[in-house]
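Predicted coordinates and the sequence they were generated for:
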Amino acid sequence: MNATSQTHPACLPTDSGPVAPTNPLLTFLEQLQETALKTLGPKNFDPKLYVDLSLKSNLSTVQDAFNRLPRAENGTVSFTDLNFFMQSYLNGAEDDLVYTEPVDFSPAPEGFLPTVENPEVREWALEVHWLWKSLCRRVAGGVLDSPEKHTLIALPQPVMIPGSRFREVYYWDSHWVVRGLFASKMYETAKGIVSNLVHLLDEFGFVLNGARTYYSNRSQPPLLSSMVHDIYIRTGDMDLAKESLPALVKEHDFWNSGVHRVVVRDAQGHNHTLSRYYAMWNEPRPESSTIDKETASKLMNDSEKQHLYRELASAAETGWDFSSRWMRDASDLTTLATTSIIPVDLNTFILKMELDIAFLANVIGDSTTAAHFIQAAQARKRAMNAIFWNEEMGQWLDYWLSDRTTCKEDGYTWEASNQNRNVFASNFIPLWIELFNSDGTLVEKVMQSFQSSGLLQAAGIATSLTDTGQQCILIKKQGHMFVTLLGNLPVSHMPAMQTGFGWSNGVVLAFLEEFGWPQDLKIDC
Ligand SMILES: OC[C@H]1O[C@H](O[C@H]2O[C@H](CO)[C@@H](O)[C@H](O)[C@H]2O)[C@H](O)[C@@H](O)[C@@H]1O
């Protein structure tokens, strides 16, 4: 498609982007969620719990029983009646997945973290390694037999869940999980995780944010190609490379077509194609609906609310939910404008995807595909340098698809003032990629810029310099282990982390494998 045939929904005055279909079960569970909120009140109310429940009988039976519940005039159901209904007609939120022992778990894997010598750190690392056992699950038989009774999406292989209220697989968490599993020498489990993501891609055309039907309107930072690449490097598994390649090409198409594709004309008149986050949803996120409705309550009309709901879901697609990075006014969440930003990290991940696809295509002897994707990567590198690079700051900056004045049907025209000059950890992510980090002069300049950016803190890297009260900031809490990565791994989105949470387990183990344990670092846990 050339630039002139494209009309961007963001150019239009009202929300007009695509909306993924919902399903009758979700609609019912959201009714239940609203009723529960009225009965229980907002204190400690977690809306996600209700959309994670599954049905004991078919939906019409459950819906009939729900409709028959005695209600007060304001629609409230008594605690006793609600409780009885839930016990009778719904399974618990945890019941869709059952504990399973990872097939390749070894209590003390041979060759575990060879460069970590400190006995205290080794002991702690082994404890983290053991946590895989408590995070591993397989999908319960009932989900396969009656998918219409579950919001959980059945996956063929065992999964690693983040834990706590996150009882399902998450896309970009899996990248960290896989890296950690390498340190634990659990290659079979890592391959299973990749097969599950490929399964989602085959079924939906993209990798969902997470393996729940309510996540089928958006993806997450696309790191599947990196996982496949890294597994191939470690295991030489040709079958995995062959099976994954068509899926990765499909994923590349998802991020480079429709609403995700953006064309910007640079100062010299050259058109560049880049990608952005854009959720296919304009309603409250079912797993956070009460919170989203509350956020939107200060907006005046339905059209503004729909627009905000899309921006909230799109911010969730970034994995940085929520950060001042996506807000026009850092103090006001209703100013989220995720779809109006071309993000540096997303385009770095897609460039990496292009290189990984080329690598895997070469491995299986498909030189035509390899050449095509090498060209795509080079074009994206040129685009990133033209649109994101800021010579004065020595950083790649997110680009604002400004207001509708510069947004024309044939795409956008680059303006220096549309680069977001705020400092974010993502401004440095291109250094992850050899196409950028092979240039020593560039690396020196960017590293100097990073060291004076204010992001580098005593125990990690802040994601931004603005404390919004949202989760995407550097938090120094007692009892948390801080690890941050720059160099071979992308900067972590949430530098403060607690072990026992799937992805942070992965980061800790991957960090230890990659960098060992710096002498002067203390364990704070
Ligand atoms: O429940 C609200 C949101 O939760 C998820 O986001 C956070 O947890 C994920 C799992 O660890 C993590 O991948 C993400 O970066 C976190 O912000 C979910 O991904 C969101 O879509 C969801 O609305």
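Received, thanks.

measure the residue of the stretch 201-350 of the chain at minimum distance from the ligand to residue 170 for me?
Relative to the ligand, the nearest point of the stretch 201-350 of the chain is residue 316 (3.3 Å; CB to the nearest ligand atom). Heads up, the C-betas are built off the backbone N, CA and C, glycines and all. Relative to residue 170, residue 316 is positioned 11 Å away (CB to CB, to the nearest Å).

shared neighbours, those two?
residue 209 (CB atoms under 8 Å, 6 or more residues apart in numbering).

Residues of the stretch 1-150 of the chain that sit close to the ligand?
Taking CB under 6 Å from any ligand atom as the contact definition, the stretch 1-150 of the chain meets the ligand at residue 48.

low pLDDT regions in the stretch 1-150 of the chain?
Applying pLDDT under 70 to the stretch 1-150 of the chain picks out residues 1-14.

returning to that earlier point: residue 278 is in contact with the residue of the stretch 201-350 of the chain closest to the ligand, correct?
No - look at residue 316 against residue 278 with CB atoms under 8 Å: they stay out of range, at 11.9 Å.

OK, contacts around the residue of the stretch 201-350 of the chain closest to the ligand?
Contact partners of residue 316, counting by CB under 8 Å, 6+ apart, are 209, 218, 279, 285.

among the residues you listed, which ones are buried?
Neighbour counting over the contacts of residue 316 (16 or more other CB atoms under 10 Å) leaves 209, 218, 279, 285 as the buried ones.

and the second one, what does it touch?
Pointing back at residue 218 there. 208, 209, 277, 279, 280, 281, 313, 314, 316, 317.

got a pLDDT number for the most centrally placed residue in the chain?
Closest to where the C-alpha atoms of the chain average out (CA atoms, centre = their mean) is residue 220, at 3.3 Å. Residue 220 carries a pLDDT score of 97 in this model.

Quick one: residues contacting the nearest residue to it once chain neighbours are set aside.
Among residues not flanking residue 220 along the chain, residue 171 sits closest, at 3.8 Å (CB to CB, 6 or more residues apart in numbering). For residue 171, the contact set (CB under 8 Å, 6+ apart) comprises 197, 207, 208, 209, 210, 219, 220, 221, 222, 223, 224.

one more time with 10 Å
Contact partners of residue 171, counting by CB atoms under 10 Å, 6 or more residues apart in numbering, are 197, 200, 206-211, 215, 218-224, 317, 319.

ok, it to residue 162 distance?
To residue 162, residue 171 is 11 Å away according to CB to CB.

Report the set of residues contacting both of these two.
By CB under 10 Å, 6+ apart, residue 171 and residue 162 have these common neighbours: residue 210.

Which of the helices or strands spans the residue lying farthest from the centre of the chain?
No residue in the chain sits farther from the centre than residue 73, which is 42.1 Å out by CA atoms, centre = their mean. Element membership of residue 73, judged by DSSP states H and E, is empty: it is in no helix or strand.

what's residue 342 sitting at in phi/psi?
Per-residue torsions, residue 342: phi -100, psi 110 (degrees, to the nearest 10).

for residue 97, that is, sorry about that
In terms of degrees, to the nearest 10, the main-chain angles of residue 97 are phi -120, psi 140.

same question, residue 22
Phi and psi for residue 22, reported as degrees, to the nearest 10, are phi -100, psi -170.

I'd assumed residue 215 was in contact with it.
No - assessed by CB atoms under 10 Å, residue 22 is found out of contact with residue 215, at 11.8 Å.

Comparing those two, which residue is more hemmed in?
residue 215 (30 against 16; other CB atoms under 10 Å).

Leaving out chain neighbours, which residue sits closest to the more buried one?
Counting by CB to CB, 6+ apart, residue 209 is the residue found nearest to residue 215 once chain neighbours are left out, at 4.0 Å.

how about that neighbour, what does it touch?
168-172, 215-221, 279, 285, 287, 313, 316-317, 319, 321.

From these, which land in helices?
Among the contacts of residue 209, DSSP state H puts 171, 172, 313, 316, 317 in helices.

Tell me the spacing between residue 22 and residue 217.
Distance from residue 22 to residue 217, counting by CB to CB: 9 Å.

Likewise for residue 306?
13 Å.

list the residues that contact both of those two?
With contacts defined as CB under 10 Å, 6+ apart, the residues adjacent to both residue 306 and residue 217 are 19, 281, 282, 283.

that older thread, which one of the ones in helices among the contacts of residue 209 sits closest to residue 26?
Distances from residue 26 to the ones in helices among the contacts of residue 209, taken as CB to CB, are shortest for residue 313 (14.1 Å).

Which of the helices or strands spans the nearest residue to residue 299 once chain neighbours are set aside?
With CB to CB, 6+ apart as the criterion, residue 299 has its nearest non-adjacent residue at 5.2 Å, and that residue is residue 305. Per DSSP H and E: residue 305 is located in helix 302-317.

Tell me the one among the ones in helices among the contacts of residue 209 nearest to residue 427.
Nearest to residue 427 among these: residue 172, at 18.4 Å, using CB to CB.

Enumerate every residue touching that closest one.
Residues near residue 172 by CB under 10 Å, 6+ apart: 207, 209-210, 219-224, 318-319, 349, 490, 493, 503.

check contacts around the residue of the stretch 1-150 of the chain found nearest the ligand.
Residue of the stretch 1-150 of the chain nearest the ligand, by CB to the nearest ligand atom: residue 48 (5.3 Å). Residues in contact with residue 48, defined by CB under 10 Å, 6+ apart, are 33, 93, 165-167, 212, 214, 285-291.

now residue 269
Residues near residue 269 by CB under 10 Å, 6+ apart: 413, 414.

follow-up on the earlier one: Provide a list of residues in contact with the residue farthest from the centre of the chain.
For residue 73, no residue meets the contact criterion (CB under 10 Å, 6+ apart).

Look up phi and psi at it.
According to degrees, to the nearest 10, residue 73 has phi -60, psi -40.

Tell me, what's the model's pLDDT at the nearest residue to residue 401 once chain neighbours are set aside?
Excluding the flanking residues, the one nearest residue 401 by CB to CB, 6+ apart is residue 340, at 4.7 Å. Listed pLDDT for residue 340 reads 96.

Residue 340 reaches residue 259, doesn't it?
No - using CB under 10 Å as the test, residue 340 is too far from residue 259 to be in contact (12.0 Å).

Same drill for these two, tell me which one is more crowded.
Counted by other CB under 10 Å, residue 340 and residue 259 do not tie: residue 340 has more neighbours, with 22 against 18.

can you count the residues close to residue 95?
Residues contacting residue 95 under the criterion other CB under 10 Å number 18.

hmm, back to that, only whichever of the contacts of residue 171 are buried, select them in PyMOL.
The PyMOL selection below is limited to those of these classed as buried (16+ other CB under 10 Å):
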select buried, resi 197+200+206+207+208+209+210+211+215+218+219+220+221+222+223+224+317+319
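
how about TSV for the buried ones among the contacts of residue 316, with distance to residue 507 added?
Below are those laid out as TSV (distance: CB to CB, whole Å):
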residue	distance to residue 507
209	19
218	23
279	26
285	25
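
Among those residues, name the ones that also lie close to the ligand.
Near the ligand, by the rule CB under 6 Å from any ligand atom, you find 209, 285 out of the buried ones among the contacts of residue 316.

Show me which of the buried ones among the contacts of residue 316 is closest to residue 136.
residue 209 (20.9 Å).

What separation do you get for that closest one and residue 62?
Distance of residue 209 to residue 62, given as CB to CB: 26 Å.

wait, what's in contact with residue 468?
Residue 468 makes contacts with 322, 323, 324, 325, 327, 330, 331, 332, 333, as judged by CB under 10 Å, 6+ apart.

could you redo the last one with a cut-off of 7 Å?
Going by CB atoms under 7 Å, 6 or more residues apart in numbering, residue 468 touches 324, 330.

That one falls within a helix, correct?
No - counting by DSSP: H, G, I helix; E, B strand; the rest coil, residue 468 is located in no helix; its state is coil.

Over to it: give its phi and psi.
Here is the backbone geometry of residue 468 (degrees, to the nearest 10): phi -90, psi -10.

how near is it to residue 401?
Residue 468 is 22 Å from residue 401, where distance means CB to CB.
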